[in-house]
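Asks: Give the three-dimensional model of this entry:
(2 chains)
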Amino acid sequence: MRSGVVAEFDSADALERAYERLRDVGYTRLEAWSPYAVKGIVKRLPPSFVPWLMLLAGLAGGALGYLVQWWCNGINFPIDVGGRPLHSAPAFIPITFESAVLASSVTGFFVMLGLCGLPRLHHPVFEVDGFERASVDRFWIGVDDADPRFDADLPEQLASMGALRCARLPGGGR
Amino acid sequence: MTAHALELLEEEPTGGEPVLIGATEDERLTDDLLAPLWSRWPWFKYALGITGLGTLVLVAAVTYTILTGIGLWGNNIPVAWAFAIINFVWWIGIGHAGTFISAILLLFEVRWRTSINRFAEAMTLFAVMQAGLFPILHLGRPWFAYWLVPYPSEMDVWPQFRSSLPWDVVAVTTYFTVSLLFWYSGLLPDLAAARDRAPTLARRRAYGIAALGWRGEASHWRHYRMAYLVLGGLATPLVLSVHTCVSFDFSIAQLPGWHSTIFPPYFVAGAIYSGFAMVLQLLVPVRRIFRLEKVITKNHLDNMGKMLLVTGWIVTYTYAVEPFIAWYGGNTYEEYALLVDRPFGAYAWVFWSVIFCNCLSIQVLWSRRLRSSAWTLFAVACLVQVGMWLERFMLIVGSLHRDFLPSSWRIYVPSWVDLTILAGTVSFFLFLFLLFLRFVPFIAISEIKEMRHEMAKVRQREGALGVVRLPATERHA
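Replies: As a prediction, this is how the structure comes out:
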């Protein structure tokens, strides 16, 4: 969210109530900021698909790990150790497993960052006075002005829900 | 931590000792936990100086070894593994508790994990760094270490993947990478808090860059929580697999004392055992120095004590099963190695020290009073740490020094270079850990706030149902 109205609340419960009320009224382009995950809000968002990408990456990584071992030791440069089979699957398991975990974790971390749009060191919302407490003990809600229900009396509505303060985004004139 | 805001005792909703005491406001809690980053520590430069000096000694000893060769060490034939592998297994074992606490306890939703996980994860990273040094040096020609990686070389050969050495390489590098990612993802919200509370612009910038611009948006938390949870789920089998791979180094060999199917669980239990001991060794002084008694409560100590007791008993059980299998299996060499040489041979003192440190010393932890005494735990943890190092000495040197033919039996004595490198890695580990304490929020603040919020909710619900709880002090009186 780049422009719209943001409001500050002093507790996770107040944020959750405000979020649900705005949702019920029909707002769709809502955003919330909190120092920790507020379960009530996170649960209302569509589930993250990061785990599915991690699964795919894990399978691909494991397959690659196995193929490398099989091709290197069995096909390209066969090493005969006491007549044991060249394609010795049990001996390839540890590396296969580790490559699966490695590929999956690295993918998970970077996909998570990518979906969050990070790293991004600056954001218009950082300009809002008092927003620095969003990582400490304050809870912020934002309504995008592209929202079809967006109207001018939003600050009053938010104040009636217990908002401590309201601000326009991006901050005017600065 | 400051002494005020102690009016409220926050209790485990499920009963038992509190996992968090006092500090009723998120703001105060955050500031208290971030305070070590901004305050002056008069002792810090001395501690950093001493461990830094130790690190330089390590660099010197490693340089000397690389320039001269591993003939400087006490290794001989048949004891070709000795210190390098003992230290490798010891350090990597220590590294296991971090991920165990973070990942396995995360999946089981164990609440007391929250105050100590960051700490334990950092310990893991630094311990694995020490561990990684040894196999590379032990190659003898460490500049060829990259031969272990399959790359299309002009020699037209590939690594032998049926050997346990490439397994180790992949296991340890994967473990380090995954632990690092897990640790760093957990840090993001706290680095953001440090950014927003930093007293100077320079620090604000530094923490701002480290936090990657974390804003704590609901849509961030949605991906973040899932990624964190799945990373935890992946790290769980990973922890078990890494020390399993390490144990394969031994168990796939034919040597009596090594060639045993009990090795993977034996090693994993031992690893978690020594790791918990290291967490306690670091936790107890840090808790005292930074007055963290309200975040790292007696409940944490009590639980860590219990974990030490449980893993200690698993280790004790394997000590009993090993000789039993040797006797039951009827193999002459194994019977000699485990029933005669180990308890009564040249290194008998190592065996009996192991029994004392790893099996007997922990029995004091049956007492609830001793278990929640920080310094008792610290003393026991130190003994366990020494015991676990000696256990690896017993397994490696003890099994190797009696080869199949008496003509090749030899006694092993470490050289001063061996001892210097071991002491140097301890210094380097502490050096890194001090830097971590100085510059990184070492308690997972965001997670603690979330836990507080959830606990308050549970209490509210109980209040509505009319459940009455006595304060912890009255209940145990």
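Asks: give me the number of residues near residue 25?
Replies: All of this refers to chain A. The local packing of A:Val25 (other CB atoms under 10 Å in any protein chain shown) involves 9 other residues. Using the backbone N, CA and C atoms, a C-beta is placed for each residue, glycine as well.
Asks: Wait, chain B was what I had in mind.
Replies: With other CB under 10 Å as criterion, B:Glu25 counts 11.
Asks: A:Trp140 falls within a strand, correct?
Replies: Yes: with DSSP: H, G, I helix; E, B strand; the rest coil as the criterion, A:Trp140 is located in a strand.
Asks: Pull the contacting residues for B:His220.
Replies: Going by CB atoms under 8 Å, 6 or more residues apart in numbering or on different chains, B:His220 touches A:116, A:118, B:214.
Asks: Am I right that it is in a strand?
Replies: No: looking at B:His220 with three-state DSSP, it is helix, so not inside a strand.
Asks: for chain A, what's the longest helix?
Replies: Scanning chain A for the helix with the most residues, using DSSP state H, yields helix A:89-116.
Asks: now it, how far from the centre of its chain.
Replies: Distance, stretch centre to chain centre, for helix A:89-116: 19 Å (CA atoms, centre = their mean, to the nearest Å).
Asks: pLDDT score assigned to B:Glu10?
Replies: Note for B:Glu10: predicted pLDDT of 44.
Asks: my bad, B:Leu20
Replies: The model's pLDDT for B:Leu20 equals 62.
Asks: pLDDT-wise, what's the bottom of the contacts of B:His220?
Replies: Among these, A:Leu118 has the weakest pLDDT, 85.
Asks: Report the contact partners of the residue lying closest to it once chain neighbours are set aside.
Replies: Nearest residue to A:Leu118, sequence neighbours excluded (CB to CB, 6 or more residues apart in numbering or on different chains): B:Leu212, at 4.6 Å. By CB under 8 Å, 6+ apart, the contact set of B:Leu212 is A:113, A:118-121, B:188.
Asks: same thing but 7 Å
Replies: With contacts defined as CB atoms under 7 Å, 6 or more residues apart in numbering or on different chains, B:Leu212 is in contact with A:113, A:118-119, B:188.
Asks: helix, strand or coil for it?
Replies: coil.
Asks: Ok, A:Ala32 next?
Replies: With three-state DSSP as the basis, A:Ala32 sits in strand.
Asks: distance of it from B:Leu229?
Replies: Noted for A:Ala32: a distance of 20 Å to B:Leu229, by CB to CB, to the nearest Å.
Asks: Neighbour count: the two, which is higher?
Replies: A:Ala32 (27 against 17).
Asks: Pull out the buried positions in the longest helix of chain A.
Replies: Neighbour counts over helix A:89-116 (16 or more other CB atoms under 10 Å in any protein chain shown) mark A:91-109, A:111-113, A:115-116 as buried.
Asks: try stretch B:349-358
Replies: B:350-351, B:353-355, B:357-358.
Asks: burial count for B:Ala374?
Replies: For B:Ala374, the neighbour count with other CB under 10 Å is 17.
Asks: Can you tell me how far it is from B:Val79?
Replies: Separation of B:Ala374 from B:Val79 (CB to CB): 39 Å.
Asks: neighbouring contacts of stretch B:94-112?
Replies: B:12, B:19, B:113, B:116-117, B:120-121, B:123-124, B:127-128, B:131, B:179, B:182, B:232-233, B:235-236, B:239, B:243, B:271-272, B:274-276, B:278-279, B:299-300, B:303, B:451.
Asks: Can you show me the CA trace of that stretch as PDB?
Replies: Provided in PDB are the C-alpha atoms of stretch B:94-112 (Å, rounded to 0.1, in the frame of the first residue of the first chain):
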ATOM      1  CA  ILE B  94      27.300 -28.800  20.500                       C
ATOM      2  CA  GLY B  95      25.700 -27.200  17.500                       C
ATOM      3  CA  HIS B  96      22.800 -29.500  17.600                       C
ATOM      4  CA  ALA B  97      20.900 -28.100  20.600                       C
ATOM      5  CA  GLY B  98      20.300 -24.800  18.800                       C
ATOM      6  CA  THR B  99      18.300 -26.200  16.000                       C
ATOM      7  CA  PHE B 100      16.700 -28.700  18.400                       C
ATOM      8  CA  ILE B 101      15.400 -26.000  20.600                       C
ATOM      9  CA  SER B 102      14.400 -23.800  17.700                       C
ATOM     10  CA  ALA B 103      12.900 -26.300  15.300                       C
ATOM     11  CA  ILE B 104      11.700 -29.300  17.200                       C
ATOM     12  CA  LEU B 105      10.300 -27.400  20.200                       C
ATOM     13  CA  LEU B 106       8.700 -25.000  17.700                       C
ATOM     14  CA  LEU B 107       6.800 -27.800  16.100                       C
ATOM     15  CA  PHE B 108       5.700 -29.100  19.500                       C
ATOM     16  CA  GLU B 109       4.700 -25.500  20.400                       C
ATOM     17  CA  VAL B 110       6.700 -25.600  23.600                       C
ATOM     18  CA  ARG B 111       6.400 -22.300  25.200                       C
ATOM     19  CA  TRP B 112       9.600 -22.100  27.200                       C
END
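Asks: pLDDT of that stretch, averaged?
Replies: 81.
Asks: Could you do stretch A:128-137 as well?
Replies: Stretch A:128-137 shows a mean pLDDT of 86 in the predicted model.
Asks: Now do the buried residues in that stretch.
Replies: Of the residues in stretch A:128-137, those buried by neighbour count under the rule 16+ other CB under 10 Å are A:128, A:131-137.
Asks: Do me a favour and get the end-to-end distance for it?
Replies: 16 Å (CA to CA, to the nearest Å).
Asks: Correct me if wrong: B:Leu342 contacts B:His401.
Replies: Actually, residue B:342 is Arg. It isn't Leu. No: distance between B:Arg342 and B:His401: 11.0 Å, which falls outside the contact criterion (CB atoms under 7 Å).
Asks: Quick check: the residue in the stretch 1-150 of chain B that chain A sits nearest to vs A:Val136, distance?
Replies: Nearest to chain A in the stretch 1-150 of chain B, going by CB to the nearest CB, is B:Asp26, at a distance of 3.5 Å. Noted for B:Asp26: a distance of 7 Å to A:Val136, by CB to CB.
Asks: Show me the strands in chain A, by range?
Replies: Counting by DSSP state E, the segments of chain A that form strands are A:4-9, A:30-33, A:139-144, A:165-169.
Asks: and for the third one, what are the contacting residues?
Replies: By CB under 7 Å, 6+ apart, the residues outside strand A:139-144 that reach it are A:1, A:4-9, A:11-12, A:14-15, A:18-19, A:22, A:27, A:29-34, A:131, A:134, A:150, A:154, A:169.
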